[in-house]
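Participant: One predicted model, sequence on top.
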Amino acid sequence: MLPNNENDDFIAGIYDMLYSSIENKLVLSVDNNGISDMLNAPIEIYDEIVQQLRKFNSDNYENQLLFDEKLEGDILSVYMNYIEERHYVYELYKDGQPYKKSHRTDSRYCQFTLDQSGKYRIRVTPDTDNVKARFSQTYAYKSDSVSTGGSAAEYAEMPDHKNEWMLSLIIDRMTIKGLVGNPYKYPEGFKGMDVYQKEEMKIPYIKRENLPEISLALLEAMSKEELAAFVDAHKETISRASAAMQKYISFLQ
C-alpha cells in the first residue's frame, strides 16, 4: 500500500525483501481503503520483519545486527550492516577456538568453506578500538553435508525478468556451465548455455532466492572500473531491476 510520496521506494524495497523471503505465497493487489485488519500470521513472521526493520534503521553500531548469516551446505557466511566506512577482519571459530581468518577488508560480506565436522561461528572485528567485535550464531556442521554454496555450484536457476541482471553478473564473474529453468521456453538455450529442468539436476545449483545475496557480494568485490564496465554492458537488464536495487548499484559506482 504505497502512500504516493517520497517513501514509496523504501516501502517497495521492503515489499521486494518480503516477497523474496516467502517461498509459498499468494499475492493480492486490492484497494487499501477501509482495510483495518492486521495480517493474521504466526508471530515468527512479525518478529522477522521487526528484526529486518531494526537493521535498516540502525543509527549506530550498538543497534546494528549481523544483517544476514547462514550455513548452507559447507558454506558459512555473514553479511554486515553498517553505517560508517570501515574495514573488518572476519575470523572463523571452530569448537570455540580461532580456526581461519580473512585479510583486512572493507567488504560487508564474507564466507568460509567448512572442511571438518564441528561447531562454527564467525567473529566480525571492525578495524577500530572504539567498536566491539561481534559473533554470529553457532552452527553445527557435519562434514558429509553437500555444499550448496555459490562458490561450489556450477549451475544457476534462472530468475524472474527484473532480476535477469543478476544472472548476467554471475555468468560474468563465476564459472557457470548451465542454467536451471524451462527448457521448452529456451529450446536453443539462453546466453549460449543449455537450460535444464529442476528434475534433471542431480548436483547442487544456485537457487534463485540466493541470487540477490551472491550478486551483492560480487558487486561489492568489483573494482570501480569493473563495475562501470558491467553496468555499461548491461544497461537494459539493470533498468528492469527494482528502484531500490538500481539506487544501490548507483551508490556503489
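Facilitator: Done, it's in.

Participant: switch to C-alpha atoms for all contacts and neighbour counts from now on
Facilitator: Will do.

Participant: which residues does residue 159 contact?
Facilitator: By Cα atoms under 8 Å, 6 or more residues apart in numbering, residue 159 lies in contact with 166-167, 208, 211.

Participant: Do you have the helices of the chain handy? List them.
Facilitator: Ranges of helices within the chain are 8-21, 43-57, 164-173, 211-221, 224-233, 235-238, 243-252, based on DSSP state H.

Participant: Report the backbone C-alpha coordinates of the longest strand seen in the chain in PDB.
Facilitator: Counting residues, the longest strand found in the chain (DSSP state E) is strand 118-126. The C-alpha coordinates for strand 118-126 follow below in PDB (Å, rounded to 0.1, in the frame of the first residue of the first chain):
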ATOM      1  CA  GLY A 118      32.300 -29.200  14.400                       C
ATOM      2  CA  LYS A 119      30.600 -26.200  15.800                       C
ATOM      3  CA  TYR A 120      31.400 -22.900  14.000                       C
ATOM      4  CA  ARG A 121      30.700 -19.300  14.300                       C
ATOM      5  CA  ILE A 122      32.200 -16.100  12.700                       C
ATOM      6  CA  ARG A 123      33.700 -13.200  14.700                       C
ATOM      7  CA  VAL A 124      33.500  -9.900  13.000                       C
ATOM      8  CA  THR A 125      36.100  -7.400  14.200                       C
ATOM      9  CA  PRO A 126      36.000  -3.800  13.000                       C
END
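
Participant: Would you mind measuring from the closest residue to residue 10 other than its chain neighbours to residue 23?
Facilitator: Residue nearest to residue 10 in three dimensions, not counting chain neighbours: residue 244, with 7.3 Å by Cα to Cα, 6 or more residues apart in numbering. Distance from residue 244 to residue 23, counting by Cα to Cα, to the nearest Å: 21 Å.

Participant: Now for residue 238, how many residues are close by?
Facilitator: 22 (other Cα atoms under 10 Å).

Participant: Would you check that it makes contact with residue 231?
Facilitator: Yes - contact criterion Cα atoms under 8 Å: residue 238 and residue 231 qualify, at 7.4 Å.

Participant: quick one, what contacts the residue nearest to residue 122 when sequence neighbours are not counted?
Facilitator: Among residues not flanking residue 122 along the chain, residue 92 sits closest, at 4.6 Å (Cα to Cα, 6+ apart). Counting by Cα under 8 Å, 6+ apart, residue 92 touches 98-101, 112, 120-123.

Participant: Likewise for residue 125?
Facilitator: Counting by Cα under 8 Å, 6+ apart, residue 125 touches 88-91, 132-134.

Participant: sorry, back to before: quick check on the contacts of residue 159: which are buried?
Facilitator: Buried members of the contacts of residue 159, counted by 16 or more other Cα atoms under 10 Å: 166-167, 208, 211.

Participant: Just the closest of those to residue 74, please.
Facilitator: Closest approach to residue 74 among the buried ones among the contacts of residue 159 (Cα to Cα): residue 211, at 17.5 Å.

Participant: what sits against the closest one?
Facilitator: The neighbours of residue 211, taking Cα under 8 Å, 6+ apart as the test, are 159, 166-167.

Participant: Poorly predicted segments of the stretch 151-253 of the chain, please.
Facilitator: Scanning the stretch 151-253 of the chain for pLDDT under 70 picks out 151-153.
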